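**Q** show me the folded form of this:
(one chain, ligands or ions: 1)
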Amino acid sequence: MRRPSVSPVGESGSLAAAAAATPLLLLGRRPDPDTERGVVCPGVVPDPADPGLVSRARMARAVLGDEAVVLGHHYQRDEVIQFADATGDSFKLARDAASRTEAQDAAYVVFCGVHFMAESADILTPDTTTVVLPDLAAGCSLADMAEIAQVEAAWADLEEAGCASVVPLTYMNSSAAIKAFTGRHGGTVCTSSNAEVAMRWAFEQGQQVLFLPDQHLGRNTAVLQLGLSLDDCVVYDPNLPGGGLTVEQLRSASVVLWKGHCSVHGTFLPAHVELARAKVPGVRILVHPECRHDVVTKADLVGSTEFIIRAVREAPAGTAWAIGTELNLVGRLAQEHPEQTITYLNEKVCFCSTMNRIDLPHLVWALESLAVGEVSNPIRVDADTAAWAGVALDRMLALPAA
Ligand code: SF4
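**A** Residues are numbered from 1 along each chain as shown. Prediction:
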C-alpha cells in the first residue's frame, strides 16, 4: 500500500504551525468525515450534558415497547447497559437477537456493540427486522485488520503454494464478508468459547487451518488446547508479498495465523502479570484468550468474556483478581462484587474505544428516531453475503457444545 509521506515537524515547520493549520476537533461538536467513518447522524444527537438523557431514553423505550429489542455487549458503558434488554458476548447477543425478535415479533434491534456484531444480528434475524447501530463509528480494530480482498489474496497465495487442503476458520470478530468467504470455502466461525471445538472440527475437514483474524486466539487455541507447537504456526502478514512467508513455510504450517490482534487485549504484557503478583500475594490472574501467548501462559485462568464473568461470580468472598479484559466489564465486576478484590491487569487502563462510541446520547438519538418512525444507521448485509455467512454460522451452531 502506498503511504503518504510525512515530514518531520522540524523540517516542515513547528508544531504550533501544524496545529494552526489543523484546528483541534472537539469531540461531539461536529462530524469529522476525514478521520471518522460514517459518523454523520441525521438529525440532532443530544448534548452529552443534557440532564434529561436518562428520562428521554426511558420515554422512547416505553413508546417502542415490544417493537424494539435493545442488546448490550459486556464491554459497553454502564449508562448504556442500564437500557439493555439482554447483555452478553458477541455470540450470545447474536442468538438473543434471533430468539428475542422472534418471540416478541420485534421490528427493530438496537445493537449496542460494534459493527460486526450488528451484521451477525442482521444475518440471524428475519428480513422484517431492522438492526440499528447507534453510531456507525463503532467498528472493531481487530475485525478491520482483515479485509476481504486481502483474505482472497492470501487464499490465492496458499493455492499457488500447493496447499490444497486448507480450511478457513474465522473468529466471530470479523466482517460478514469474511464469514461469507469462510462459508464458501468449507469453513466455519468460532467464538472465544468454542475455538478449541471449532479448530478440532477444521482439522477433521482438512490438513491445514487458516485462522482469521486474531493471531493470538488462533495461537493460544492451537498450542494450549490442541497441543501443537509454536513452530506449527506461521503468521501471514497481509501487508507483505506472499504474507512474508516462503512457499515452504506455507506448506509445512499446520495453522496459518492472520496477522491481526485486538487493540485492547493486545496491551497486556507479561510484566503486568509479574507486577500484579508482586503487589497482591495470592492474586489470581484471569485473562481473555485474545491476549498474547506469553501473557496467557502466565495467567491462572483463561477464557471468554462469559467465562470471566462466571469465574468471578462463582469465586468465594476474599478472592483477589487481576483481570485482563476490557475496562468497562472489569469495572462493572468490581462494583457487583465488593466482597472480592478486583483490579485491572494493566495499570494503564484501556477501554475499547470503538465500543465506547455508543454512548447515552447516541442511544437516545437512535431510540427517539425509531419512536417517530425514522430508522437511523440500519445495518444491512446483502443477500449473497448473508447466505454464505449464514452457512458458516450454521456450521458453528452444529458443533458440539464447548
Ligand atoms: S475489545 Fe478488541 S475485539 Fe472487542 S470490539 Fe474492541 S477492538 Fe474489537
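
**Q** which parts of the stretch 101-250 of the chain sit against the ligand?
**A** Val114, Cys140, Ser141, Leu142, Asn173 (C-beta under 6 Å from any ligand atom). C-beta: built from backbone N, CA, C; applies to glycine.

**Q** and the second one, how many neighbours?
**A** Other residues lying near Cys140 total 23 when counted by other C-beta atoms under 10 Å.

**Q** what does the third one give?
**A** Summarising burial for Ser141: neighbours were counted as other C-beta under 10 Å, giving 17.

**Q** doesn't Pro51 belong to a helix?
**A** No. Pro51 is assigned coil when assessed by DSSP: H, G, I helix; E, B strand; the rest coil, not a helix.

**Q** residue contacts, it?
**A** For Pro51, no residue meets the contact criterion (C-beta atoms under 8 Å, 6 or more residues apart in numbering).

**Q** what does the pLDDT read for it?
**A** Listed pLDDT for Pro51 reads 93.

**Q** residue of the stretch 101-250 of the chain closest to the ligand, please.
**A** Evaluated by C-beta to the nearest ligand atom, the stretch 101-250 of the chain has Cys140 as its residue closest to the ligand, separated by 3.3 Å.

**Q** contact partners for that residue?
**A** Residues near Cys140 by C-beta under 8 Å, 6+ apart: Val114, His115, Phe116, Asn173, Thr354.

**Q** hmm, back to that, between the residues of the stretch 101-250 of the chain next to the ligand, which is nearest Arg219?
**A** Nearest to Arg219 out of these is Leu142 (C-beta to C-beta; 14.3 Å).

**Q** what's near enough to touch that closest one?
**A** Tyr171, Asn173, Pro213, Asp214, Gly260, His261, Cys262, Ser263, Glu290 are the contacts of Leu142 under C-beta under 8 Å, 6+ apart.

**Q** just the strands in this structure please.
**A** Using DSSP state E, the strands of the chain run over 68-73, 86-88, 108-112, 130-132, 166-171, 188-190, 208-212, 233-236, 255-258, 284-287, 301-302, 320-324, 341-344, 378-379.

**Q** what lines up beside the fourth one in the sheet?
**A** In other words, strand 130-132. Strand 130-132 pairs in its sheet with strand 108-112 (parallel), strand 378-379 (antiparallel), by DSSP bridges.

**Q** and the average pLDDT for that strand is what?
**A** Here the average pLDDT along strand 130-132 is 96.

**Q** from the ligand, how far off is the spatially closest residue to Val273 that is not a sequence neighbour?
**A** Excluding its sequence neighbours, the residue lying closest to Val273 (C-beta to C-beta, 6 or more residues apart in numbering) is Lys298, at 4.3 Å. The spacing between Lys298 and the ligand, counted by C-beta to the nearest ligand atom, to the nearest Å, is 20 Å.

**Q** what do you get for Trp388?
**A** Counting by C-beta to the nearest ligand atom - Trp388 and the ligand are separated by 23 Å.

**Q** surely that residue and Gly183 touch.
**A** Yes. Counting by C-beta atoms under 8 Å, Trp388 does reach Gly183; the two are 3.9 Å apart.

**Q** what's the closest of the residues of the stretch 101-250 of the chain next to the ligand to Ala161?
**A** Leu142 (25.9 Å).

**Q** residues near the nearest residue to Asn328 once chain neighbours are set aside, how many?
**A** Ranked by C-beta to C-beta, 6+ apart and with sequence neighbours excluded, the top spatial neighbour of Asn328 is Tyr75, at 5.2 Å. Other residues within reach of Tyr75, judged by other C-beta under 10 Å, total 26.

**Q** ditto for the one 4 residues further on
**A** Around Glu79 there are 16 other residues, counting by other C-beta under 10 Å.

**Q** next, work out how far apart the spatially most central residue of the chain and His288 are.
**A** In the chain, the C-alpha nearest the mean C-alpha coordinate belongs to Asn173, at 4.7 Å (C-alpha atoms, centre = their mean). Relative to His288, Asn173 is positioned 12 Å away (C-beta to C-beta, to the nearest Å).

**Q** do the same with Phe116
**A** In terms of C-beta to C-beta, Phe116 sits 17 Å off from His288.

**Q** between the two, which one's more packed in?
**A** His288 (27 against 24).

**Q** now the more buried one, nearest residue through space, not along the chain?
**A** Thr325 (4.5 Å).

**Q** so for the one you found, what's the pLDDT?
**A** 96.

**Q** coming back round to it: mind putting the strands paired with strand 130-132 in CSV, distance to Gln82, mean neighbour count and mean pLDDT included?
**A** Formatted as CSV, those follow (distance: least, C-beta to C-beta, whole Å; neighbours: other C-beta atoms under 10 Å; pLDDT from 0 to 100):
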stretch, distance to Gln82, mean neighbour count, mean pLDDT
strand 108-112, 11, 27, 97
strand 378-379, 23, 16, 94
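
**Q** can these go into JSON lines with extra columns for distance to Asp89?
**A** Below are the strands paired with strand 130-132 laid out as JSON lines (distance: least, C-beta to C-beta, whole Å):
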{"stretch": "strand 108-112", "distance to Asp89": "13"}
{"stretch": "strand 378-379", "distance to Asp89": "18"}
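
**Q** closest to Asn239 out of these?
**A** strand 378-379 (27.9 Å).

**Q** all set now, cheers.
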